[in-house]
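Trainee: A structural model of the following input is requested.
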Amino acid sequence: MDTIRIIIEEHRLLGFRQITKLAKSDLVKKYRGAALGWAWALVKPAVRIFVFWFAFSIGMKGGKPINGYPWILWLIAGFLPWFYMQEMISGGAGCIRKHKHLVTKMRFPVSTIPTFSSLSSLYIHWVLLAAAIIIFACTGHFPDKYYLQIPFYMLLMFVFFTVWALGGGLLAALSKDFQNLVKSIQTAIFWLSGVMYDVNKINNHTIRVILKFNPITVIASGYRKVFIYKEWFWEDKTELLCFSVTLLAFCILAIWAFRRLRKEVPDVL
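Mentor: Now for the predicted structure:
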């Protein structure tokens, strides 16, 4: 409880306004010097989605309509949160090392670095979300009552990956091997999640439940419930339970890492 109190106190001392300023500054630095600037926030996801659509729909003759929606819209719905989560898997683990100047040259509240790093990536997610809603509307699928769930799934996603960035960022700050490990398994994480397929269509019940302990699966499935399947989040209690268990486990890891490592990080960096 003392560790949680310290984390809350550090966020309170820095303040919401300063955290948002740091998030915006982090985002500006990311696209500074690029000819297309902020356009890359849309270009890179669009290219990725096109490649997968072409490979599966044209190359492999797959990609049949799902629930009355073209397969590419189903793909967009699942990929929409993945771009944020992908950024936070590796970027979250490297966030403290990336901002080591804040840690080594001043008494900066370490626990706030994952927060503004996650918020910075969330800004891009908002842009992609707006683009996805426009694409769905242009194809005749307008927002409905199920869109009210978007803030809920967005909050789950933000909280989990901010917690991950706190624990993973501290571990990676002390060991580059940990950060390299995260980067090496990122592709495996993608294919073991529900971004490219519907986990609920897997016949083996045990495998379905195991995969639902992957937060990426729950979030990707949640966005598809909003855009494609038109289901409410409380209809699948197993997903919420699995997500809660995983979030609790990562919270414990993050609190342990913060309590044990925060004083060592400045010296190591």
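Trainee: where along the stretch 151-269 of the chain do the helices fall?
Mentor: 176-191, 205-211, 215-224, 237-261, 265-268 (DSSP state H, counting those that start in this stretch).
Trainee: What's the local residue count around P70?
Mentor: 16 (other CB atoms under 10 Å). Every C-beta, even on glycine, is put in place using the N, C-alpha and C of the backbone.
Trainee: Which residue, other than its chain neighbours, is closest to it?
Mentor: For P70, ignoring the flanking residues on the chain, the nearest one in space by CB to CB, 6 or more residues apart in numbering is T139 at 7.3 Å.
Trainee: And for M88?
Mentor: F161 is the one closest to M88 (CB to CB, 6+ apart), at 4.0 Å.
Trainee: wait, that neighbour sits on M85?
Mentor: Yes - look at F161 against M85 with CB atoms under 8 Å: they come within range, at 6.4 Å.
Trainee: In terms of neighbours, single out the busier of these two.
Mentor: Legend: neighbour count by other CB under 10 Å for F161 and M85, higher for F161 (27 against 23).
Trainee: wait, what's in contact with the more buried one?
Mentor: Residues in contact with F161, defined by CB atoms under 8 Å, 6 or more residues apart in numbering, are Y84, M85, M88, I89, G92, S118.
Trainee: Same question for I216.
Mentor: I216 touches W82, M85, I189, F190, S193, G194, V195, counting by CB under 8 Å, 6+ apart.
Trainee: cool, and I89?
Mentor: F161, W164, V182, Q186, I189.
Trainee: give me that answer again for 6 Å
Mentor: I89 makes contact with Q186, according to CB atoms under 6 Å, 6 or more residues apart in numbering.
Trainee: what's the answer for the one 4 residues further on, then?
Mentor: Residues near A93 by CB under 6 Å, 6+ apart: G168, A172, Q179, V182.
Trainee: Please repeat the previous calculation with a cut-off of 8 Å.
Mentor: Shown in contact with A93 (CB under 8 Å, 6+ apart): W164, A165, G168, G169, L171, A172, F178, Q179, V182.
Trainee: With pLDDT and neighbour count as added columns, please give those residues in a markdown table.
Mentor: Converted to a markdown table, those look like this (pLDDT from 0 to 100; neighbours: other CB atoms under 10 Å):
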| residue | pLDDT | neighbour count |
| --- | --- | --- |
| W164 | 94 | 24 |
| A165 | 93 | 26 |
| G168 | 90 | 28 |
| G169 | 88 | 30 |
| L171 | 90 | 20 |
| A172 | 88 | 25 |
| F178 | 86 | 17 |
| Q179 | 84 | 18 |
| V182 | 88 | 20 |
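Trainee: I66 bridge partners, please.
Mentor: Listed by DSSP bridges, the beta-bridge partners for I66 are Y69.
Trainee: quick one: low-confidence parts of the stretch 1-150 of the chain?
Mentor: Applying pLDDT under 70 to the stretch 1-150 of the chain flags the ranges 31-41, 57-63.
Trainee: Show me which of the contacts of I216 are buried.
Mentor: When those are checked for burial by 16 or more other CB atoms under 10 Å, the buried set is W82, M85, S193, G194, V195.
Trainee: Strands along the stretch 51-200 of the chain, start to end?
Mentor: Assigned by DSSP state E, counting those that start in this stretch, the stretch 51-200 of the chain shows no strands.
Trainee: returning to what we had before: any idea how many residues pack against the residue nearest to P70?
Mentor: 12.
Trainee: That one and G68: what is the separation?
Mentor: Relative to G68, T139 is positioned 11 Å away (CB to CB, to the nearest Å).
Trainee: Check M196 too.
Mentor: In terms of CB to CB, M196 sits 20 Å off from G68.
Trainee: next one: T246
Mentor: T246 is 32 Å from G68, by CB to CB.
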